[in-house]
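Colleague: Generate coordinates for the sequence data below:
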Amino acid sequence: MTKMTLGLLALGGSLLTAGLLSAQSPAAPAAANAAAAPKQPKLVKVCTLSTVQANQEFQANVKVKQNERQQVIEANAAYEKETDAAKKKEMKAKVDALLAKLNEDNQRMIKAYGFSLERAYSLEIEKASVYMLVSEEEAAKIGQAQAEAARKK
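Modeller: Reported below is the predicted structural model:
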């Protein structure tokens, strides 16, 4: 698994280097240099969490995914360090099982929220409610004050 990751990184690095070299060559037209300039990424809305419960569920699901991902990383590191062939085979099966579960759950997150561990996200809070603990009498007074303020608007 590490070899595959390193291979992908090497391939990406070689493609990036080739792209940079072609952009820096004197024969390349100015338009190619302008096209090679990095563009700012755009934020695209992928879902809306319309209730507090939906937001809490989403946050819990993200935390589960992050924990699963960490387990895969730790299991893979232990697998890489292991020298005993029998234990290594057993650990490889565990890594594969954890990775399969992570991929399966990641697909569920993509379907449910448009969220994948393979991308970076920004959570924008459009509305927040602040609550405090009060007695029944205080709640009644605050409720009356809020109702009056709403009528004045």
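Colleague: going forward, measure contacts and count neighbours with C-alpha atoms only.
Modeller: Fine.
Colleague: mind checking how far the nearest residue to Lys92 once chain neighbours are set aside is from Ala139?
Modeller: Among residues not flanking Lys92 along the chain, Tyr79 sits closest, at 6.4 Å (C-alpha to C-alpha, 6 or more residues apart in numbering). Distance, Tyr79 to Ala139, using C-alpha to C-alpha, to the nearest Å: 58 Å.
Colleague: can you give me the strands for this protein?
Modeller: Using DSSP state E, no strands are found in the chain.
Colleague: And for the residue nearest to Asn55 when sequence neighbours are not counted, the neighbour number?
Modeller: Nearest residue to Asn55, sequence neighbours excluded (C-alpha to C-alpha, 6+ apart): Leu49, at 5.5 Å. Burial measure for Leu49: 14 neighbouring residues, criterion other C-alpha atoms under 10 Å.
Colleague: repeat for Ala54
Modeller: Quick note: Ala54 (other C-alpha under 10 Å) scores 12 neighbours.
Colleague: Break down the protein into its helices, ranges please.
Modeller: With DSSP state H, the ranges of helices along the chain come out as 2-24, 30-36, 52-81, 85-113, 136-152.
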